[in-house]
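Asker: sequence and predicted structure are below.
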Amino acid sequence: DQQVKQNSPSLSVQEGRISILNCDYTNSMFDYFLWYKKYPAEGPTFLISISSIKDKNEDGRFTVFLNKSAKHLSLHIVPSQPGDSAVYFCAALNQAGTALIFGKGTTLSVSS
Amino acid sequence: NAGVTQTPKFQVLKTGQSMTLQCAQDMNHNSMYWYRQDPGMGLRLIYYSASEGTTDKGEVPNGYNVSRLNKREFSLRLESAAPSQTSVYFCASTAVSYEQYFGPGTRLTVT
């Protein structure tokens, strides 16, 4: 049973607009979440993270929001750029703190 | 500083053959991981090693073995490859359990 869900396999956005990628989780004990970005033929790279003691974390054009009551997080990219086109994975740190549980990913396409 | 390196980049095996995927990191990280990525399935953890000398099963360990040779190296072995093991394999390392650093991947095809 999937513990981290990314229900949108793909998202298309125009350059300059906002991209919003969504992620849901089932285990209320998860307390640390991360977003990774992956280009074709490369390994995933860490993008941004958030602890459950916060509801927002910002790093340049990237902001992650966490809604603990809804067990939902989202990644906002503003403004979107063509170089942001990639697969984005949401991940949660497991309860033991020993490993990450990944969602299936969302492919973002930003057109110019 | 190369980060996480993986060899080989590509491999084709016949069913029943064995092979070892190599991974090394030069960041002095304690923890290392092996994942597989399949279309529509995301990244699934095969095995991990929290520290030198320890290994633990992840979500999909069947058909695989691992060795944490030293702090730098963590290898993944397929003893008898099956077509279901066709995948892209990623190694990762971290100083803590989050913000993992990934290698470039090994694309394995089993015919």
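Answerer: On my side now, so go ahead.
Asker: got a list of what residue 59 touches?
Answerer: Just so you know, I chose chain A. Residue A:59 is in contact with residue A:48, counting by C-beta atoms under 8 Å, 6 or more residues apart in numbering or on different chains. The C-beta positions use only the backbone N, C-alpha and C, and glycine is treated the same way.
Asker: nope, chain B please
Answerer: Contacts of residue B:59 by C-beta under 8 Å, 6+ apart are B:44-46.
Asker: now residue B:72
Answerer: Each residue near residue B:72 by C-beta under 8 Å, 6+ apart is listed here: B:24-26.
Asker: just the contacts of residue B:59: which are in strands?
Answerer: Among the contacts of residue B:59, the members found in strands (DSSP state E) are B:44-46.
Asker: residue A:85 is in contact with residue A:106, correct?
Answerer: No: contact between residue A:106 and residue A:85 fails when scored by C-beta atoms under 8 Å: they sit 11.6 Å apart.
Asker: okay, those two: which has more neighbours?
Answerer: Remark: of residue A:106 and residue A:85, residue A:106 carries more neighbours, 21 against 18, as counted by other C-beta atoms under 10 Å in any protein chain shown.
Asker: give me the nearest residue to whatever residue of chain A ends up closest to chain B, chain neighbours excluded.
Answerer: Using C-beta to the nearest C-beta, the single residue of chain A nearest to chain B is residue A:43, 3.3 Å away. Closest residue to residue A:43 apart from its sequence neighbours, by C-beta to C-beta, 6 or more residues apart in numbering or on different chains: residue B:102 at 3.3 Å.
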